[in-house]
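Engineer: coordinates only, sequence not included:
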Ligand SMILES: Nc1ncnc2c1ncn2[C@@H]1O[C@H](COP(=O)(O)OP(=O)(O)OP(=O)(O)O)[C@@H](O)[C@H]1O
Ligand SMILES: [Mg+2]
């Protein structure tokens, strides 16, 4: 078998724009996921059992079912309920955000629970409410501890976002499929796609290492 | 100032407080002593509702508990100092002290900063305003914790073994701050094993064992002729 390097070079622009789309979905999904996850994570420790139960059901459902199925539910099943089609981009972002939110909720919960109980007690004993103590005392400390797991979640989402190719959304993996359909250069294209993913994930993990080190040096500030 | 009637506390099956009755007057300094596990911390923590009483009544400064809002009201009047300081590690000393006055008392930055500097001077740490807790010794951290509690202008201060986590050479700097507070007329409830402190500034000593108040009296009475055998046994161990 002979490698067609020309094909790789010619496909690169199309693949790289696909990679940009992949990064977009990932950033948006983890961004929304962070928001959802923070509330869901805190809700899992709420005093009221109903709030706690709702958050637990959400986290368990999402983590206990495949992302692919969640994408299908949003893209194929939900429109039946709504009576109108959902744009693939919206479906992709929605599914990935909701998915990411559940994992990030657990990251937040673990981060918050790793903070010494005495911190909440000190805040409460000064007359601050639970929410105030959470915002000014607990979360700022927890944020630093959850940077590494958040980085891992970002990498996981970047890879898993390839699943949205099944609803025809043109991110990196889908672009690869489309090029192969035209050129039959299966080997060249899939290896190139893999290398592009690898470059992205390695870059992020180095970045997370760097952030982690920086926060270690001026620990707690 | 504090009135506790028939206070019981259960942790699941464990009956930790078995009917506590105490009245604490304004400006009184009450020292609570007793063996480990006798319920001293739990009693203290019930006073500002860090623990929810299972039964009984606690009235603090005329406020009876009716819900979350009265809990916060009580807590704003009652300062607490913990064995392990519990300073906020991500904030400077100054920010530690300023936080609650701003968020709870709604003071502005300037007002709370003035209060904070004042209190730091009082505990002898003016030069540490911009340090972070981890840069301070244990004794210094505990003095900051006292300043932080005082910043809320509490009417009552609770101390739970404030010097137990300290190296011996740092104990006095903290006790001195507490003695000054006592002389200024602060109402104080102090759990401690520092008998010198109890003798010097205590108005009353309460001895607890197994969830009950076994004996109480003035420090002189208590230390020179305790009536109860359990109190005598305890004293012979620590004196
Ligand atoms: N949150 C809790 N859950 C379950 N049991 C608890 C809890 N807090 C305290 N206890 C138990 O209640 C009993 C009294 O505890 P407490 O801390 O009030 O004792 P103490 O007199 O302060 O002892 P020490 O001198 O060791 O501080 C102990 O047996 C302890 O194990
Ligand atoms: Mg204790």
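Structural biologist: The structure has been received and is ready for your questions. Quick caveat: nothing in here was measured; it's all calculated off a predicted structure. Numbering: from 1, shown residues only, chains lettered A, B, ... in the order given. Ligands and ions are numbered 1, 2, ... in the order given.
Engineer: gap between the residue lying closest to residue A:137 once chain neighbours are set aside and residue A:159?
Structural biologist: Take residue A:137 and drop its neighbours on the chain: the residue closest to it by C-beta to C-beta, 6 or more residues apart in numbering or on different chains is residue A:123, 4.7 Å away. Using the backbone N, CA and C atoms, a C-beta is placed for each residue, glycine as well. Using C-beta to C-beta, to the nearest Å, residue A:123 is found at 39 Å from residue A:159.
Engineer: Over to residue A:3?
Structural biologist: 25 Å.
Engineer: So for those two, which sits in the more crowded spot?
Structural biologist: More crowded of residue A:3 and residue A:159, by other C-beta atoms under 10 Å in any protein chain shown: residue A:159, with 14 against 11.
Engineer: residues touching the more buried one, list them.
Structural biologist: A:197, A:201 (C-beta atoms under 8 Å, 6 or more residues apart in numbering or on different chains).
Engineer: what does the one 3 residues further on give?
Structural biologist: Residue A:162 makes contact with A:22, A:171, A:172, A:173, A:197, according to C-beta under 8 Å, 6+ apart.
Engineer: For residue B:7, give me its contacts.
Structural biologist: With C-beta under 8 Å, 6+ apart, residue B:7 has these contacts: B:17, B:19, B:20, B:21, B:43, B:46, B:53, B:55, B:56, B:57, B:58.
Engineer: for the fourth one, phi and psi?
Structural biologist: Which is residue B:21. Backbone geometry at residue B:21, expressed as degrees, to the nearest 10, gives phi -120, psi 120.
Engineer: longest helix in chain A, by residue count?
Structural biologist: Using DSSP state H, we find that the single longest helix of chain A is helix A:5-43.
Engineer: Who are the packing partners of that one?
Structural biologist: helix A:49-63, helix A:88-113, helix A:139-160, helix A:172-183, helix A:186-217 (3 or more C-beta pairs under 8 Å, 6 or more residues apart in numbering or on different chains; DSSP states H and E).
Engineer: What ranges in chain A fall below the confidence cut-off?
Structural biologist: For chain A, the stretches flagged by pLDDT under 70 are A:216-221.
Engineer: who in chain B is up against ligand 1?
Structural biologist: B:11, B:14, B:16, B:34, B:36, B:37, B:38, B:39, B:40, B:41, B:42 (C-beta under 6 Å from any ligand atom).
Engineer: Give the bridge partners for the first one, please.
Structural biologist: Partner residues in beta bridges with residue B:11, using DSSP bridges, are residue B:14.
Engineer: and it, what pLDDT?
Structural biologist: Looking at residue B:11, its pLDDT reads 95.
Engineer: Can you give me the neighbour number for it?
Structural biologist: The burial count for residue B:11: 11, using other C-beta under 10 Å.
Engineer: got it, and the fifth one?
Structural biologist: Residues within reach of residue B:36, counting by other C-beta under 10 Å, total 6.
Engineer: ok, back up a step: which pair of the residues of chain B next to ligand 1 spans the longest distance?
Structural biologist: Pairwise distances across the residues of chain B next to ligand 1 (C-beta to C-beta) peak at 17.4 Å, for the pair B:11 and B:34.
Engineer: Make a ChimeraX selection of whichever of the residues of chain B next to ligand 1 turn out to be buried.
Structural biologist: Selection of buried members from the residues of chain B next to ligand 1 for ChimeraX, criterion 16 or more other C-beta atoms under 10 Å in any protein chain shown:
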select /B:16,34,38,39,40,41,42
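Engineer: Output the residues of chain B next to ligand 1 as JSON lines; include the columns secondary structure.
Structural biologist: Below are those laid out as JSON lines (DSSP: H, G, I helix; E, B strand; the rest coil):
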{"residue": "B:11", "secondary structure": "strand"}
{"residue": "B:14", "secondary structure": "strand"}
{"residue": "B:16", "secondary structure": "strand"}
{"residue": "B:34", "secondary structure": "coil"}
{"residue": "B:36", "secondary structure": "coil"}
{"residue": "B:37", "secondary structure": "coil"}
{"residue": "B:38", "secondary structure": "coil"}
{"residue": "B:39", "secondary structure": "coil"}
{"residue": "B:40", "secondary structure": "helix"}
{"residue": "B:41", "secondary structure": "helix"}
{"residue": "B:42", "secondary structure": "helix"}
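Engineer: for the residues of chain B next to ligand 1, which one is nearest residue B:199?
Structural biologist: residue B:34 (16.9 Å).
Engineer: rewinding a little: near chain A, list only the ones from the contacts of residue B:7.
Structural biologist: Restricting those to those touching chain A (C-beta under 8 Å from any C-beta of the partner chain) yields no residues.
Engineer: Quick one: buried ones out of those residues?
Structural biologist: Among the contacts of residue B:7, the ones that count as buried (16+ other C-beta under 10 Å) are B:17, B:20, B:43, B:46, B:53, B:56, B:58.
Engineer: what sits up against the helix or strand where residue B:158 lies?
Structural biologist: Assigned by DSSP states H and E, residue B:158 falls within strand B:156-160. With C-beta under 8 Å, 6+ apart as the test, strand B:156-160 has contacts from B:1-2, B:24, B:40-41, B:44-45, B:47-48, B:60-61, B:77-83, B:146, B:149-150, B:178, B:181, B:186-192.
Engineer: do stretch A:195-213 as well
Structural biologist: Contacts for stretch A:195-213 (C-beta under 8 Å, 6+ apart): A:15-16, A:19, A:22-23, A:147-148, A:150-152, A:154-155, A:158-159, A:162, A:172.
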